[in-house]
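> Dropping the sequence and predicted coords here.
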Amino acid sequence: MMENTSSRLSISNTDENLAIQSQPIVTQALVLPEGQENDLSLRDYFGILKRRGLIITGVTTALMAGVVGMTMNQKPEYEGSFRLLVEPPVNNENALSSLTPTTEQQNPTEAKLDYETQIQILKSPKLIQEVVNQLQVSHPEIDYETLTNSLTVARLGETKIIETSYESDNQQEVKDVLNKLANTYLKYSREQRQTKLRQGAQFVEAQLEPLQNRVTQLQKAQQIFRQQYGFYDPTTQSAEITDQVKTISDQRLAVDQELAKARTRLANLQGQQGQLAILKDAPAYQQLLIELQQLDAKIAAESARFVEDSPTILTLKDRRQNTLPLLQQEAKRVLGVAYADAANQVKTLESQSQELTKAEQQLREKVDQLPTLTRQYNELQRQLQAATDSLNRFQATRETLQIQGSQTELRWELVQPPMTSAVPSNTERNLILGFVASSLLGLGVGLLLEKLDDRYHTVDAVKDKVALPLLATIPTESRVRRLRYPQDTGRFVEAMRVLHTNIQLLGNEGSIRSLVVSSSVAYEGKSTIAYHLAQTATAMGLRVLLVDADLRHPTVHYLCKINNERGLTDLLTTEMSIADAIQQLPGESQLSAIPAGSRVSDPTNLLSSRAMKRLMEQLHKAFDLVIYDTPQMDGLADTSLLAPLADGVLLVARMHKTERSSLMKTLDSLKIGRINVLGLVVNGN
């Protein structure tokens, strides 16, 4: 068999054998259009949970452990409160009559109480510090900051009741604090019943000085800002500067136009035409020129009557000789004056242009600074307005308190004594919420990692992304090699048979006699697929040749268990015959192989040679099926050189390894090269 096959194989050096039958080109969209991706199904989510289960479980467990630790370490909280009835003061009719002219016809009315001011007084250091001093005897850890952070004083809606509450993890501390506060507040009410508003006025007065200083500082800062940047009104400032920029820009453009004209005039003065134009407008020069022309005319007329050395002719020539230097001097003077004027004009215009350019640049820099300056100015305005409003409110409050101070009294009453209760525990709720939040965050991390993962993990994902025929899905060959699962071996053989059958069904008019097996990147199992496909085709009764065209990382000789001392590179670079390069596989009567052979420095150049084309043509005629194992396509041109010479290309993608980006890049290059892509084989399913 080998002798008969080899006798038909020879490499001819004539160009006639370079003609290779053109292959049908399948034109198809290799990549699905945008927006044609399917949504994740329930099966996809289970696949993500399976792949990312360890990470999801780890994140959930870690977060849940933190939640449990924090929850279990929480101390029980206690809360207590008491309520004070704080009624507004009653106005004195006689006092009000002096303030309001119409009060003579009115009944005594109840004045409004500034509850917010009262609350601030109750929380003021004057009262709180007194309570702290009393509490530190039994609770030395309490200070003003600690007490106020846990203390809440608020009015109950629109009622006349002020509620004071306190929280702590020490129940006795809550009771002591509330009792001391209630006693202090009532004592304060009794002692200050006639002078309450006066004290409020003093409190407000104490706040006025820093507020006044704040307003003064902001006013000075605003004044300095205005003087430093000449900035007064952001609205008009921008428009004014913009108008100035436009005006100066227009002036600069006009000056530049004049400068261009002046430079043109100066350049013209250096040429003959320009000088003649200047001299044409010079009266003295023109008069001398006319006189010279008249002398020339007389000399010409007299030359017809007299001889050359006659006195008349000589006299006319002397006059002409005397006039010519005058004409030249006048021309020099006129041109000098004109040149000086033009040069001065150019210099003046250049200076003006520079000044205008500088001014325009300064204004544009100011325009660029406007947003920052406006923001700073507005911030100063906002702070000043806020400080002024606060000052006005305090001043108004001071005046009100001063007026009402001698005419009012405060009536306070404890309507609810201090009561203490434990804050309900939220341990169960916290644990449930913590578990839910931890689980969701763990799932989120898993989905994020899945989103960032560019690899294919399911056959459906490959189908959704790649519009190529899926010829077969091959189970993991490592399990087949270990032979631990006989059922997987059967699956592998059946998958290879399905692949071979589908390839043959792709033939249009005849069967597929040659194909290239490649992948987008290395280590995706293309060599193993090529080897087992060759075995399957041999089992179907075909004479099959497996050619190792991966000259960079040859693998076929390992799979076929043959030597690699001679092979494809030796066949193309030496006088070796094809019969010597082809090796029969052990135990395979109809399966032969050509290993890669000796290493070469430039595999691409060798694969693109005429000898390779002639060799492929002869191999295609001699065998029923020739399978070429080629390098990965990403970054290499080897496969693209051989693919047009075969009946088609078989792409191999490996599950959990092939990246979408590399496969899409490979498909784009195949589409550009108009190469017949038979389909896709998913390996490692």
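Right, received. Where do you want to start?
> Break this structure down into its domains, please.
51-74+425-452, 78-195+406-422, 234-383, 456-683 (automatic domain parsing).
> How about the secondary structure of residue 564?
coil (DSSP: H, G, I helix; E, B strand; the rest coil).
> Against residue 173, how distant is the closest residue to residue 123 other than its chain neighbours?
Leaving aside its sequence neighbours, residue 123 sits nearest to residue 153 (CB to CB, 6 or more residues apart in numbering; 5.5 Å). Any C-beta I mention is one placed from the backbone N, CA and C, and that applies to glycine too. Between residue 153 and residue 173 the computed distance is 18 Å (CB to CB, to the nearest Å).
> do the same with residue 223
Counting by CB to CB, the gap from residue 223 to residue 173 is 52 Å.
> Residue 393 now?
On the measure of CB to CB, residue 393 and residue 173 end up 36 Å apart.
> Neighbour count for the two, which is higher?
residue 173 (21 against 12; other CB atoms under 10 Å).
> So what touches the helix or strand hosting that one?
Assigned by DSSP states H and E, residue 173 falls within helix 171-191. Applying CB atoms under 8 Å, 6 or more residues apart in numbering, the set of residues contacting helix 171-191 from outside is 78-82, 84, 122, 127, 130-131, 134-135, 138-139, 142, 147, 151, 164, 166-168, 196, 410, 412, 414, 417-418, 420, 422.
> Cross those residues against helices and list the overlap.
122, 127, 130, 131, 134, 135, 147, 196 (DSSP state H).
> Show me which pair in those residues is furthest apart.
135 and 196 (24.6 Å; CB to CB).
> Going by neighbour count, list what's buried in the helix or strand containing residue 641.
Taking DSSP H and E as the definition, residue 641 sits inside helix 638-642. Within helix 638-642, the residues that qualify as buried are 638, 639, 640, 641, 642, counting by 16 or more other CB atoms under 10 Å.
> Any idea how far that helix is from the middle of the chain?
For helix 638-642, the separation from the chain centroid amounts to 38 Å (computed by CA atoms, centre = their mean, to the nearest Å).
> Tell me which other helices or strands that helix touches.
In terms of contacts (3 or more CB pairs under 8 Å, 6 or more residues apart in numbering; DSSP states H and E), helix 638-642 is packed against strand 514-519, helix 603-607.
> After that helix, which helix or strand is next?
Scanning forward in sequence from helix 638-642 by DSSP H and E, the next helix or strand is strand 649-654.
> Contacts for that next one, please.
456, 462, 468, 471, 503, 515-520, 523-526, 529, 533, 639, 643, 663, 666, 670, 675-684.
> of these, buried ones?
By 16+ other CB under 10 Å, these give 456, 462, 468, 471, 503, 515-520, 524-526, 529, 533, 639, 643, 663, 666, 670, 675-684 as buried.
> Other residues contacting the helix or strand harbouring residue 569?
Element membership for residue 569 (DSSP H and E) is helix 568-573. Under the criterion CB under 8 Å, 6+ apart, residues 11, 547-549, 551, 576, 578, 581, 594-600, 606, 609, 611-612, 615 lie in contact with helix 568-573.
> Output it as CSV, nothing but the C-alphas.
C-alpha atoms of helix 568-573 as CSV (Å, rounded to 0.1, in the frame of the first residue of the first chain):
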residue,chain,number,x,y,z
LEU,A,568,7.9,18.1,6.6
THR,A,569,10.7,20.6,6.9
ASP,A,570,13.2,18.1,5.6
LEU,A,571,10.9,17.3,2.7
LEU,A,572,10.6,20.9,1.7
THR,A,573,14.3,21.9,2.2
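> and it, how far from the chain's centre?
Averaging C-alpha positions (CA atoms, centre = their mean) puts helix 568-573 52 Å from its chain's average.
> Would you mark the buried spots in it?
568, 569, 570, 571, 572.
> for stretch 319-335, same thing?
319, 320, 323, 327, 330, 331, 334, 335.
> now do stretch 534-542
534, 535, 536, 537, 538, 539, 542.
> What are the phi and psi values at residue 472?
phi -170, psi 150 (degrees, to the nearest 10).
> Show me what it is bridged to.
Bridge pairing for residue 472 (DSSP bridges) gives the partners residue 681.
> Assign a three-state SS to residue 274, would you?
helix.
> how near is it to residue 266?
9 Å.
> Grab the nearest non-local neighbour of residue 316.
Leaving out its chain neighbours, residue 316 is closest to residue 299 (CB to CB, 6+ apart), at 4.8 Å.
> is it true that that neighbour touches residue 320?
Yes: Residue 299 is within contact range of residue 320, at 6.7 Å (criterion: CB atoms under 8 Å).
> Tell me how many other residues crowd residue 649.
With other CB under 10 Å as criterion, residue 649 counts 26.
> any idea how far it lies from residue 679?
9 Å.
> can you redo the domains of the chain as a markdown table with mean pLDDT and distance to residue 212?
A markdown table is the format used below for the domains of the chain (pLDDT from 0 to 100; distance: least, CB to CB, whole Å):
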| stretch | mean pLDDT | distance to residue 212 |
| --- | --- | --- |
| domain 51-74+425-452 | 74 | 47 |
| domain 78-195+406-422 | 74 | 19 |
| domain 234-383 | 81 | 15 |
| domain 456-683 | 84 | 67 |
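> possible to save these as CSV with distance to residue 203?
Listed next are those as CSV, based on distance: least, CB to CB, whole Å:
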stretch, distance to residue 203
domain 51-74+425-452, 38
domain 78-195+406-422, 6
domain 234-383, 24
domain 456-683, 70
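> hmm, who's touching the longest strand seen in the chain?
The longest strand of the chain (DSSP state E) is strand 411-422. Residues from elsewhere that reach strand 411-422 (CB under 8 Å, 6+ apart): 76-87, 89, 161, 171, 174-175, 178-179, 182, 185-186, 189.
> Buried residues, it. List them.
412, 418, 420.
> Next SSE downstream of that strand?
helix 427-452.
> What is that following helix packed up against?
helix 42-51, helix 53-73.
> give me that answer again for 6 Å
On a contact count with 3 or more CB pairs under 6 Å, 6 or more residues apart in numbering; DSSP states H and E, helix 427-452 meets helix 53-73.
> Pull out the buried residues from the helix it packs on.
56, 59, 60, 63, 64, 67, 68, 71.
> nearest to residue 280, of the residues you listed?
Once CB to CB is applied, the member of these that ends up nearest residue 280 is residue 59, at 95.3 Å.
> between the helix or strand harbouring residue 667 and strand 514-519, how big is the angle?
Taking DSSP H and E as the definition, residue 667 sits inside helix 660-672. Using axes from the mean of the first three to the mean of the last three CA atoms, to 10 degrees, the direction of helix 660-672 lies 150 degrees away from that of strand 514-519.
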